[in-house]
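Student: Any chance you could fold what I've pasted below:
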Amino acid sequence: MAKEEKNTDVGMSGESGGINSGSEGESEDLRVDDGPADKPECEGESENLSGDEAPADKPEGEQTQVKDSGEPSVQTRVKRVGLAALILSMGIMCSRLLGYVREAVIAYQAGAGAETDAYNAAFLLPDMMNHFLAGGTLSITFIPLFAGYLSKNEPKRAERLFSLIATTMGTLLVAAIILCWSFATPLAQLLFPGFSPEQIANTVSMTRIILPGQFFHYMGGLMMAVLMAQGQFLPSAMAPLIYNLLIIICGLVLGGTLGMQGFAIGALLGAVLGPFLLPLVFLKSRLRYRPVFGFGDRDFKKYIFLTLPLMIGASLTTVDEWVGKFLGSNMEAGSISWLNYARRLVLVPIAIVGQAAGQAALPYLSQLSARGEFDTAAATLHKTLRNVVILSLIMVGFFVILAEPMVSIVYERGAFSAEDTAKTAMILRILAISIVFWTIQMVSVRAFYAAQNTLTPMILTTIVTLISLPVYYFLSQWMGLPGLALASCIGMAMQASSIVIFYHRRNVHFKPLKIVRAMGTGIVFGLIAAAGSYGGLWLVRQIQMESHLWKVLLELGIPGCIGVCLVCIFARFLIPEEFMGFLSKIRRRLPGRLKR
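Tutor: So this is what the prediction gives:
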């Protein structure tokens, strides 16, 4: 995330003084290279993914030369994206498990009430500041620019781009943090009109603790974007683990005396040690940093041009949580917390499937787009989205049926009551439907970003958000908290559909009907997962048990195993190629003895 000293080489310069695509002795399991920068070979090149025939007057020798070039095929690129996605998925899955522990500790100590509502609300102002200053996710706009220079064999320009963005945007971010810290109280009163004066005071106190962490998140995101562009995904997988672990430790150590402020302190320390220091260590020998400050610089203007739509645009992936907190502040105490607990659970499959695939695909799509290979990019996106859609709908089936035991096993202890479990599970069942739309949007929108087009997604998502806001208000007034969850599903469905349809207009090689067919297949498997889980849950509930813990474990474990077995059996016959490919990726990650 940032430079630390005022002099030129701030602990990031290697002996070569340039950018290296990898370090000697680096494990191949933790790195994914994209191969040569020339145009990849595609099987069936004569058919051409666009459907056009090859020119008849092309010399035969040239055709042979292309086929013998040794470039990776579309299938090879998809495998590399899959490997990178698997690395990120494993890290994200571990992070989400720690997130479960974090939320479980919060639920145990404070349950769902006014104090936890204030803690969740304290993140809103920092998140909004990050969104409007950084465009929400830095790597989306930085990776295409950085990877574009690397693909053109211009490492010095890529190096300078990093220094320019780190210096200029880092300075702006510090100024914004000071401003928000100074006006935290009136801003909290504006954002949470239904809060009591005591809740406002608690929210302001924790907001001021969390705010400085945004600097470290931003600068660390910049460094992780550099590493991902070079094919190094391990820091992006590990940083959230450290962040969550620090929140848990500080919450346990300080929560007894400081209450929820202990968790806020953990969020600040976690931002420093995880997202910032970890990628700094990895980047030390890969990049030379020199302070470069310039609002008028051509590269900075290009970066701002790409990021500005994300800054001023409003996407439901971000606004959904803002609206939930704003409208939830006018509902009964605990509403924001119930919604937050359910959202944290549903974000697990979204992150493991959608976020990992999107992050892994972006560098490859960026290089393909930089070389104008849009047919290959579309083929890669088709296969990635098909896998994502099927996995997402399987997750929907499990979450809808097993919502109550999921909530109970994670949260129901200490101050978190059975009533809190029932209300959170009700919200979770509704929010689970949106999993597939979240993942489609997270992957497909990166095809725009890879082509350095952030304007179109900004316009689309802003329009969808504006249309959705009355839906949120109407459904929340009519149905209460479940209405907010339902509005989220409707809004995300509209957003995902608009992104897919308009990307087809930008790239005619991309066929939305393939995604619709994948959804049909995914629905079948989602129903299979739901049926197996429902049957297993019914069987377990016929057994009388005194231990609540064992009861919940069996309600979650046995139905889940039955559902997974049924899905695997049907997948082996209905989608054998995807199923065997998935097993192959899992086997490659296992130790040698387990493979045998």
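Student: What separates the first and last residues of stretch 284-303, distance-wise?
Tutor: Distance across stretch 284-303, first residue to last, is 24 Å (C-alpha to C-alpha, to the nearest Å).
Student: cool, and stretch 538-548?
Tutor: Terminal residues of stretch 538-548 lie 16 Å apart, using C-alpha to C-alpha.
Student: and it, which residues are buried?
Tutor: Residues of stretch 538-548 classed as buried by neighbour count (16 or more other C-beta atoms under 10 Å): residue 540. The C-beta positions use only the backbone N, C-alpha and C, and glycine is treated the same way.
Student: pLDDT weak spots in the stretch 251-400 of the chain?
Tutor: 285, 309-314 (pLDDT under 70).
Student: Quick check: which ranges of the protein have low pLDDT?
Tutor: Using pLDDT under 70, the flagged stretches of the chain are 1-89, 91-92, 134-140, 285, 309-314, 582, 585-596.
Student: Can you spell out the domain ranges of it, please?
Tutor: Domain assignment of the chain by automatic domain parsing yields the ranges 72-110+314-511, 112-312.
Student: Show me the one of these that comes nearest residue 571.
Tutor: domain 72-110+314-511 (8.5 Å; C-beta to C-beta).
Student: Run the chain-centre distance for that closest one.
Tutor: 8 Å (C-alpha atoms, centre = their mean, to the nearest Å).
Student: and the helix or strand in which residue 472 is found, which residues are buried?
Tutor: If you go by DSSP states H and E, residue 472 is part of helix 455-479. Using 16+ other C-beta under 10 Å as the test for burial, helix 455-479 gives 456-458, 460-462, 464-465, 468-469, 471-472, 475-476.
Student: can you check stretch 93-107 too?
Tutor: 93, 95-96, 98-107.
Student: Just the CA atoms of that stretch, as PDB, please.
Tutor: C-alpha atoms of stretch 93-107 as PDB (Å, rounded to 0.1, in the frame of the first residue of the first chain):
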ATOM      1  CA  MET A  93     -12.300 -19.400   1.900                       C
ATOM      2  CA  CYS A  94      -9.800 -19.300   4.900                       C
ATOM      3  CA  SER A  95     -10.500 -15.600   5.300                       C
ATOM      4  CA  ARG A  96     -14.200 -16.200   5.300                       C
ATOM      5  CA  LEU A  97     -13.800 -18.900   7.900                       C
ATOM      6  CA  LEU A  98     -11.900 -16.400  10.000                       C
ATOM      7  CA  GLY A  99     -14.700 -14.000   9.200                       C
ATOM      8  CA  TYR A 100     -17.100 -16.500  10.700                       C
ATOM      9  CA  VAL A 101     -15.000 -16.600  13.800                       C
ATOM     10  CA  ARG A 102     -14.900 -12.800  14.000                       C
ATOM     11  CA  GLU A 103     -18.600 -12.400  13.600                       C
ATOM     12  CA  ALA A 104     -19.200 -15.300  16.100                       C
ATOM     13  CA  VAL A 105     -17.000 -13.500  18.700                       C
ATOM     14  CA  ILE A 106     -18.900 -10.300  18.100                       C
ATOM     15  CA  ALA A 107     -22.200 -12.100  18.400                       C
END
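Student: before we move on, the earlier item: check the buried residues of helix 455-479 against residue 227 and report the nearest one.
Tutor: Using C-beta to C-beta, the buried residues of helix 455-479 come closest to residue 227 at residue 457, 24.3 Å.
Student: Might one say that that closest one is in contact with residue 449?
Tutor: Yes. Residue 457 is within contact range of residue 449, at 7.5 Å (criterion: C-beta atoms under 8 Å).
Student: nearest residue to residue 118 other than its sequence neighbours?
Tutor: residue 202 (3.9 Å; C-beta to C-beta, 6 or more residues apart in numbering).
Student: ok, the one you found touching residue 260?
Tutor: Yes. Between residue 202 and residue 260 there is a contact under C-beta under 8 Å: 7.3 Å.
Student: what residues are shared contacts of the two?
Tutor: By C-beta atoms under 8 Å, 6 or more residues apart in numbering, residue 202 and residue 260 have these common neighbours: 115, 118, 119.
Student: And the helices in the stretch 251-400 of the chain, which stretches?
Tutor: Using DSSP state H, counting those that start in this stretch, the helices of the stretch 251-400 of the chain run over 261-271, 278-283, 298-312, 316-328, 335-349, 356-370, 374-401.
Student: Would you mark the buried spots in the second one?
Tutor: Think helix 278-283. For helix 278-283, the neighbour count (16+ other C-beta under 10 Å) marks 278, 279, 280, 282, 283 as buried.
Student: Show me what the helix holding residue 472 is packed against.
Tutor: helix 298-312, helix 316-328, helix 435-450, helix 481-506 (3 or more C-beta pairs under 8 Å, 6 or more residues apart in numbering; DSSP states H and E).
Student: what is the orientation angle of the first one with helix 455-479?
Tutor: Right, the one you point to is helix 298-312. 20 degrees (axes from the mean of the first three to the mean of the last three C-alpha atoms, to 10 degrees).
Student: by contact count, what packs against helix 298-312?
Tutor: Using 3+ C-beta pairs under 8 Å, 6+ apart, helix 298-312 is in contact with helix 124-134, helix 138-151, helix 155-182, helix 455-479.
Student: How about the residue nearest in space to the middle of the chain: what's its closest non-neighbour residue?
Tutor: Geometric centre of the chain, nearest residue: residue 355, 3.4 Å, by C-alpha atoms, centre = their mean. Among residues not flanking residue 355 along the chain, residue 442 sits closest, at 5.9 Å (C-beta to C-beta, 6+ apart).
Student: That neighbour contacts residue 358, correct?
Tutor: Yes. The criterion here is C-beta under 8 Å, and residue 442 meets it with residue 358 at 4.4 Å.
Student: Between those two, which is the more surrounded one?
Tutor: More crowded of residue 442 and residue 358, by other C-beta atoms under 10 Å: residue 358, with 26 against 23.
Student: List the residues that contact that one.
Tutor: Shown in contact with residue 358 (C-beta under 8 Å, 6+ apart): 442, 443, 445, 446.
Student: Can you mark which positions in stretch 284-303 are buried?
Tutor: Within stretch 284-303, the residues scored as buried using 16+ other C-beta under 10 Å are 286, 287, 288, 289, 290, 291, 292, 297, 299, 300, 303.
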